[in-house]
Each structure stands twice: as structure tokens, then as C-alpha cells.
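# need a 3D model of the following:
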Amino acid sequence: MESKKKLLCLSLASVAISIAAAAALPALAAAGAEADKRVLLTIPYEDREDILRVMRGNLNQVKQMVGALAEDDFATIEKVANEMTFNKKKGDGLAIRGNAAYAAMGVQFHAVNTVELRDAARAKDGKRVLRALNTTLSTCTSCHATFKVMEWPDNRSYARPAPVSLELPPGAKIRD
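Okay, here's the model as predicted:
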């Protein structure tokens, strides 16, 4: 039981670090473009707001799974992870951002990481769920370290770029 508590604490600490890092990103961007080497997704303002809304939702879903794991509630973890898996709407949303590398990270998150989370919960394997959460959060932090959706201080407006095609990993499925 003690090792489970330690694993849960480590998981919660990882989520807290991710939240703190995400909160610090606008300040980094405000410090100057030369200090921020991330790739700007030059997309319309409404697209940027949509991306941020979706990411906040994903973070809330990860929080729900961590809470469920503390209670050995694998059914909730499976349900939430399944809601996060890849579907046509998510694929369309990634494609219209116009950046193949960004789309690839989104596919990794929704078609690979969340499927592993769901499958680990289905197997009722707490350690496997924690490993899958760690991998999932690594994809999140890699994406945030690579891309930005806002420019500071002027926050320009952009036209929607041409969509990119999605490269799905072998065996990845798209839900309707």
C-alpha cells in the first residue's frame, strides 16, 4: 500500500509540474521572441482558443484519471481515456492547424497514449496506468515545448492554413 501511495504522489507531482510549466509559457513568450524557440502555429484566433479549450479539457481528464486511480476506480479511468481516444473530429481538428509535426503529436496523444491508458485500465493494472499517464504527460510537455499558439505582445491574427494529411500509426483506429 505504501508503494501505491508513493506512485500516486509521484503522479500527482507530475501533473502539478505540467500545470506549472503550462502556466509559465505565456510569461516566457512575453520575455521576447528570441528567448522562445517554439514554433508558432499561425492559425486564426478562434482556432487558438479552441486548441486551448481542448488542452484544458485534456488536463481535467488526466486529473479525473489520477483521482480515480487513487480509488482503484479502473472503470472511470477506462471511460475517460476512451473519451480522449482518436476520432474523426479530433483528426479534422489536427489537420486544419496546417502543421504536420503538430498533427503527429496530436495523433500520438489521441491514437496511441490514450489507447494505452484505456487498455491499462481495462487490465486493472495500476502500475501500467501510471506508466501510461507518464508517457501521456511526456507527449503533452513535448508538444508545449515545441509549439505555441499565441504571440506576445501583439497577438496577431492569421488566416487558416491549408490542412495537412494525418499519418496514423499502424493499428491506430479512428472512432466516428
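
# just the terminal-to-terminal distance for stretch 98-111.
Distance across stretch 98-111, first residue to last, is 19 Å (C-alpha to C-alpha, to the nearest Å).

# same check on stretch 116-133?
Across stretch 116-133, first to last residue, C-alpha to C-alpha, it's 9 Å.

# now it: buried residues?
Judged by neighbour count (16 or more other C-beta atoms under 10 Å), stretch 116-133 contains these buried residues: 116-121, 126, 129-130, 132-133. The way it works is simple: take the backbone N, C-alpha and C, and place the C-beta from them, glycine included.

# in TSV, list these along with secondary structure, distance to residue 168 and pLDDT.
Formatted as TSV, these follow (DSSP: H, G, I helix; E, B strand; the rest coil; distance: C-beta to C-beta, whole Å; pLDDT from 0 to 100):
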residue	secondary structure	distance to residue 168	pLDDT
116	helix	15	97
117	helix	18	97
118	helix	17	97
119	helix	17	97
120	helix	21	98
121	helix	22	98
126	helix	29	96
129	helix	24	97
130	helix	26	97
132	helix	19	97
133	helix	23	96
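
# tell me the pLDDT at the residue nearest to the spatial centre of the chain?
Per C-alpha atoms, centre = their mean, the C-alpha nearest to the average position across the chain is that of residue 140, at 4.3 Å. Here, the pLDDT recorded for residue 140 equals 94.

# what about it, which SS state?
At residue 140 the chain is in helix, as set by DSSP: H, G, I helix; E, B strand; the rest coil.

# show me where this protein has helices.
2-30, 45-70, 74-84, 88-95, 100-107, 114-122, 126-146 (DSSP state H).

# which one of those lies closest to residue 173?
helix 114-122 (8.2 Å; C-beta to C-beta).

# if we can go back for a sec, could you pull up the residues touching the residue nearest to the centre of the chain?
Neighbouring residues of residue 140 by C-beta atoms under 8 Å, 6 or more residues apart in numbering: 18, 55, 58-59, 109.

# out of those, which comes closest to residue 38?
Using C-beta to C-beta, these come closest to residue 38 at residue 55, 14.4 Å.

# lowest-confidence entry in the contacts of residue 140?
Note: of those, the lowest pLDDT belongs to residue 18, at 59.

# deepest-packed of the helices of the chain, please.
Across the helices of the chain, the average number of neighbours (mean count of other C-beta atoms under 10 Å) peaks for helix 114-122, which reaches a mean of 21.

# just checking, residue 48 touches residue 147?
No. The pair residue 48 / residue 147 is not scored as a contact, 11.1 Å apart, by C-beta atoms under 8 Å.

# overlap in contacts of the two?
With C-beta under 8 Å, 6+ apart as the test, residue 48 and residue 147 both reach residue 41.
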